[in-house]
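**Q** The following comprises the amino acid sequence and a computationally predicted model.
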Amino acid sequence: MTAEKTLKFGGIEVFTTNIQSKIQAERIVQILESSFPKLKIIFDLCETELPYPCGHTILRVEDNEINSEIIISIIKQSGFMCDILEDKVCK
């Protein structure tokens, strides 16, 4: 993947994760904020019992420059699943 495809300029990127608790979310926010101090980060914790990716937590990241590849890598290195949000049909 090239840098042009991983960087998003001036906007919002939405990710899905399998983070289940507020404590886990707060830990990930601390890690992301230390790496990217200008990011605005919002978690919407999972409210369904479905397995990932249909049951997921929404992580919304807002900044002038967002490197999705690095954010996904940080979350995965922390032991969680993470992908860019896509339209999915879940049953």
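**A** Yep, it's here.

**Q** Could you use CA atoms for every contact and neighbour count after this?
**A** Will do.

**Q** Report all helices and strands that the helix or strand that contains Val29 contacts.
**A** Under the criterion of DSSP states H and E, Val29 resides in helix 22-35. Secondary-structure packing of helix 22-35 (3 or more Cα pairs under 8 Å, 6 or more residues apart in numbering; DSSP states H and E): helix 68-77.

**Q** So which elements touch the helix it packs on?
**A** Contact analysis of helix 68-77 by 3+ Cα pairs under 8 Å, 6+ apart lists strand 7-17, helix 22-35, strand 82-84 as its packing neighbours.

**Q** Please work out which of the ones you listed is packed deepest.
**A** strand 82-84 (a mean of 19; mean count of other Cα atoms under 10 Å).

**Q** That one pairs with which strands, and in what direction?
**A** Sheet pairing here is set by DSSP bridges, and for strand 82-84 it gives strand 7-17 (antiparallel).

**Q** Return the alpha-carbon coordinates of the helix holding Val29 using CSV.
**A** This file holds the C-alpha atoms of helix 22-35, laid out as CSV (Å, rounded to 0.1, in the frame of the first residue of the first chain):
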residue,chain,number,x,y,z
LYS,A,22,-14.2,1.1,28.6
ILE,A,23,-10.9,0.3,30.2
GLN,A,24,-9.6,-1.3,26.9
ALA,A,25,-10.9,1.7,24.9
GLU,A,26,-9.2,4.1,27.3
ARG,A,27,-5.9,2.3,27.0
ILE,A,28,-6.0,2.4,23.2
VAL,A,29,-6.9,6.1,23.2
GLN,A,30,-3.9,6.8,25.4
ILE,A,31,-1.6,4.9,23.0
LEU,A,32,-3.1,6.7,20.0
GLU,A,33,-2.9,10.1,21.6
SER,A,34,0.7,9.6,22.6
SER,A,35,1.5,8.7,18.9
